[in-house]
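Enquirer: Let's see this in three dimensions:
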Amino acid sequence: FFALLIVVVSMMDELMFADALDVLNKGCEELALGELLLDQNLSMYSALSSIELMDERMDAGMASNADRVESYEQAIANGLKLDGFTEEEKIGLMDELIALMLLWFKGNSLCQTVFTCLYTHDPRKLNDTSLRLFVEGMLRLLRIIQTMCIQGNSFQEEDFQESLYGFDTCSWKPLPKLLQQLKDAEDASAAVSARLRFIRHLLLTFDHIEKFEPVPKGVQLLKGISAQVSACVESVKDGKVFEKQTPDSPFQPHINGHLLSSTPPRDIETISREDAYSTLVSEVHVLMEGLRVYSLKTLDEFRFFFEKFARLEGGAVPRCVISRCFKGRTGKWVDKWEGFSMIRDGIKLWNGATIFDDAERQRLDESVSNLLIAFESNATNVVETQLLIHTQNRPRQRRKLNKLFDAFATLTDFATDVDMLYLKEKQPSSSHPLTSWVCREACYATTMFLLLGIELQLHADWEYLSVFWYLRHATGSLLQLERAASTKRRNAQAFDDSNNNKKKSKKKKSKKQTDSAHAAAVWTNTELLSYLADAYVLALSACRKIGRYPPCQIKHLDERVAYEHRFKPLMGIFMPYPMQYEGFTLKMKEIEEEDAMSLFSLAGNAFESATMAAKKLLQSSHPTADTKERLEVLQKVTQRNKIVCNVAMAMFAKSTSPVEFDFSQDKVFPLLVLSK
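Expert: Purely as a prediction, here's the structure:
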């Protein structure tokens, strides 16, 4: 090895370099757009190492700069200030650290954000008490957040990087002592005191949440953070803006370059100090909404909560925190909520299944009992996964749903086996108690899968008819299951009333009224989706009938191939029944037997029904899957689309362009634009 190194070094002395710029420029003139020059001595590995193709937050790298600061000690030798800070400098340093922390929340690494501040490398060298305590509080906060994010495990590399790169996060001081010192130091100037109070409140809040004690103390602290932010924002403009990369600057963007990949350097995104505080308030709001997870009692409440929580589109930190709160100390939801009990109660409440009653379980033979235990275990894992999917970012949610459908197929097998043995039936049926419940959960997952596809813009305009039609198919199946379960509940209630002549307590009456109102909210929520899907199918069918439907822009693409590719993940579940391409085309032929005017009229009526369903949900006091703001938006979209359908033929007479989709109001249900 050393002999080879000596030879290479001796050869380098004899190398003669020549200017090849003229040759390269001439070669570029002969290249078409997208073509590259390739030298025989340039390997593919070398090419990939030199061309940046990745997300800039994941592809940061080292800078080759002889004048840059290499260490904290070197900066001190260059004149880095350790004491004698003015109030302007303190405010600027504290606000800049908060902005860098928010950049970490947004997916950048700590090496490129918080740890570019040299004071975070060892704040004990600072001689200013308030600034030292603030930096120590920031470091401890990073450790707490990192721990909760790892335990929550609801992030991917593209939206959060958890590594602390071996930096010491104030391990030399116990948290209670740090909190007390921060409180004692709040007698400084008003602006500095506000920031010390702010970091102390953040530390206290996340400490309570980390200890699974967020209610009520943690919630009260979160509410107080907004007031602390307001006090900080008032003096943001008073803070000093520091030069970066000067020899004595406290901020050195490339100080940690040796910890990053050896790719060409590039700057990360920036955020203003005002925007940092505003973003932090938004994240705190998402966290406050998420802590309602501790007040939920039924499976449907959990489902509605997580669907609404996902629509808040919080960052990785609040998503991980709420995922961790949901899973509890053991890291498993089943341990926190007493295993299968909540799912069992949900099934009994939904369709009155009696197999879980203690007396019934004692009468089961060994084979049925073992199958039931296996069903309970699989059902718990599937439901936990289905709920926690909502704590992922939106693209990851759809990817994880792809895998969940395989689990539903397995769970359906267990459910049908138990039902057939228990009921002594020879054929599986969606009317059986356990099978119908699994089908219901699969319908919810299918609906979510289809809605996410539209929201993430995974479909071309010419595919929306098939997507909305499959959504109509899934919600129709769900309404069918809900209707059958409602009938079973009424029959079971009538049977109980006839066998119980005693006067019912007010508590039992109140509980039944609550359950009935909650079931009505579930039904109305499903109806809303069904009406919307039906309306879009009818309107787009009318457009296709008169030649105003968007054409496929890809030559020689078979519509069958595109359909089968889009809905392949849904073909392995029991219900909603897998609908092949032949079934889709047959249903379309049946719909398009009506004339275009009638189809537009039917679509307008469906949009009107959706408007009424959204209005009903807005008036409901029970949990729904959508926020109040989104329900109001859906009302506007449906009312506008109803008007469009009523005048569709007249509008099309003025234009020959195909129908267009405007997603400016809602990401899933667009406004129909028939002419411009």
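Enquirer: Which secondary structure element of this structure has the lowest mean pLDDT?
Expert: helix 2-14 (a mean of 43; mean pLDDT, DSSP states H and E).
Enquirer: Next secondary structure after that helix?
Expert: helix 21-29 (DSSP states H and E).
Enquirer: chain center to that next one, what's the gap?
Expert: 48 Å (C-alpha atoms, centre = their mean, to the nearest Å).
Enquirer: any idea of the mean pLDDT in that helix?
Expert: Mean pLDDT, computed over helix 21-29, is 81.
Enquirer: If you count neighbours, what's buried in that helix?
Expert: Under the neighbour-count criterion of 16 or more other C-beta atoms under 10 Å, helix 21-29 has nothing buried. Using the backbone N, CA and C atoms, a C-beta is placed for each residue, glycine as well.
Enquirer: before we move on, what about stretch 641-657?
Expert: Of all the residues in stretch 641-657, those buried under the rule 16+ other C-beta under 10 Å are 641-642, 644-645, 648, 651-652.
Enquirer: how long is it end to end?
Expert: 18 Å (C-alpha to C-alpha, to the nearest Å).
Enquirer: Excluding its own residues, what touches that stretch? List them.
Expert: 535, 539, 542, 546, 548, 596-597, 600-601, 603-604, 607-608, 611, 671-676 (C-beta atoms under 8 Å, 6 or more residues apart in numbering).
Enquirer: could you flag which of the residues you listed are buried?
Expert: Neighbour-count burial (16+ other C-beta under 10 Å) is assigned, among the contacts of stretch 641-657, to 535, 539, 542, 548, 596, 600-601, 603-604, 607-608, 611, 671-672, 674-675.
Enquirer: Out of those residues, which two sit at the greatest distance?
Expert: 548 and 611 (24.2 Å; C-beta to C-beta).
Enquirer: Run through the residues that contact the spatially most central residue of the chain.
Expert: The structure's the chain has its C-alpha centroid closest to residue 393; by C-alpha atoms, centre = their mean the separation is 2.9 Å. Going by C-beta under 8 Å, 6+ apart, residue 393 touches 155-156, 158-159, 316, 319.
Enquirer: Now with 7 Å, please.
Expert: 156, 159 (C-beta atoms under 7 Å, 6 or more residues apart in numbering).
Enquirer: any idea how far it lies from residue 592?
Expert: Residue 393 is 39 Å from residue 592, where distance means C-beta to C-beta, to the nearest Å.
Enquirer: quick one: low-confidence parts of the stretch 151-300 of the chain?
Expert: By pLDDT under 70, the weakly predicted segments of the stretch 151-300 of the chain are 214, 216, 261-268.
Enquirer: count of neighbours near the spatially closest residue to residue 576 that is not a sequence neighbour?
Expert: In space, residue 576 comes closest to residue 477 once its chain neighbours are excluded; the distance is 3.9 Å by C-beta to C-beta, 6 or more residues apart in numbering. Residue 477 is flanked by 21 other residues according to other C-beta atoms under 10 Å.
Enquirer: what about residue 477, which helix or strand?
Expert: Using DSSP H and E, residue 477 maps to helix 464-499.
Enquirer: Give me the buried positions along that helix.
Expert: Buried residues in helix 464-499, counted by 16+ other C-beta under 10 Å: 464-482, 485-486, 488-489.
Enquirer: mind checking how far it is from the chain centre?
Expert: 29 Å.
Enquirer: cool, stretch 158-167 as well?
Expert: 19 Å.
Enquirer: Next: stretch 440-449.
Expert: Centroid separation for stretch 440-449 versus its chain: 17 Å, with C-alpha atoms, centre = their mean.
Enquirer: quick one: average pLDDT of it?
Expert: pLDDT averaged over stretch 440-449 gives 92.
Enquirer: How about stretch 393-401?
Expert: 88.
Enquirer: How about stretch 95-105?
Expert: Per-residue pLDDT values across stretch 95-105 average out to 93.
Enquirer: For residue 672, give me phi and psi.
Expert: Here is the backbone geometry of residue 672 (degrees, to the nearest 10): phi -90, psi 130.
Enquirer: who's in contact with residue 452?
Expert: Contacts for residue 452 (C-beta under 7 Å, 6+ apart) come out as 394, 397-398.
Enquirer: Adding neighbour count, distance to residue 276 and secondary structure, write those residues out as TSV.
Expert: TSV is the format used below for the contacts of residue 452 (neighbours: other C-beta atoms under 10 Å; distance: C-beta to C-beta, whole Å; DSSP: H, G, I helix; E, B strand; the rest coil):
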residue	neighbour count	distance to residue 276	secondary structure
394	14	23	helix
397	18	27	helix
398	20	30	helix
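Enquirer: and residue 312, how far is that from residue 392?
Expert: Distance from residue 312 to residue 392, counting by C-beta to C-beta: 13 Å.
Enquirer: neighbour-wise, which of those two wins?
Expert: When residue 312 and residue 392 are compared for neighbours, residue 392 comes out ahead with 22 against 16, by other C-beta under 10 Å.
Enquirer: any idea how far that one lies from residue 152?
Expert: Counting by C-beta to C-beta, the separation of residue 392 from residue 152 is 11 Å.
Enquirer: All good on my end, thank you.
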